[in-house]
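Enquirer: From the sequence below, what's the structure:
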Amino acid sequence: MTKPLTKDERDGFIEFAKQAGMIQDGEVWFSPSYENCDVYTGELLFFAKLVAEKEREACALIADQISNNTSIHVLEKYSASEIAKSIRARGQA
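Expert: Now for the predicted structure:
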């Protein structure tokens, strides 16, 4: 399952919500453009975390494709494999 957010991750996701035009009122976030569309901080952060995990895995898959390419040098394949492991590890730390 997912690991708890660090303070930096939480602060970063909250900053993204603000940059997206959302407004915070206590634990509730809302968009002034839409009525009846409130989101609690926990839900917003969980959504952001899921998006980040999906993006990390997409990046790791690209590195996997490179490491599985038979036409590249073995050292490049090893490096790509290590990059994929490092990307995935970011979500486990």
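Enquirer: Need the contact partners of stretch 24-39.
Expert: Stretch 24-39 has contacts (CB atoms under 8 Å, 6 or more residues apart in numbering) with 14, 17, 18, 21, 22, 23, 40, 41, 42, 44, 47. In short, each C-beta sits where N, CA and C put it, glycine included.
Enquirer: Which of the helices or strands spans the second one?
Expert: For residue 17, the host element (DSSP states H and E) is helix 7-19.
Enquirer: Mind listing what's buried along that helix?
Expert: 13, 14, 17 (16 or more other CB atoms under 10 Å).
Enquirer: Do I have it right that the first one meets residue 5?
Expert: When you say that, I think you mean residue 13. Yes - using CB atoms under 8 Å, residue 13 is in contact with residue 5, at 7.5 Å.
Enquirer: Adding pLDDT and distance to residue 63, write the buried residues of helix 7-19 out as a markdown table.
Expert: Shown next, in a markdown table, are the buried residues of helix 7-19 (pLDDT from 0 to 100; distance: CB to CB, whole Å):
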| residue | pLDDT | distance to residue 63 |
| --- | --- | --- |
| 13 | 87 | 25 |
| 14 | 89 | 30 |
| 17 | 88 | 29 |
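Enquirer: Out of those, the closest to residue 58 would be?
Expert: residue 13 (18.3 Å; CB to CB).
Enquirer: now that closest one, nearest residue through space, not along the chain?
Expert: residue 48 (4.0 Å; CB to CB, 6 or more residues apart in numbering).
Enquirer: how much does the longest helix seen in the chain deviate in direction from helix 7-19?
Expert: What stands out as the longest helix in the chain, according to DSSP state H, is helix 41-67. Helix 41-67 runs at 100 degrees relative to helix 7-19, counting by axes from the mean of the first three to the mean of the last three CA atoms, to 10 degrees.
Enquirer: tell me what helix 41-67 is packed against?
Expert: The helices and strands touching helix 41-67, judged by 3 or more CB pairs under 8 Å, 6 or more residues apart in numbering; DSSP states H and E, are helix 7-19, strand 28-30, helix 74-90.
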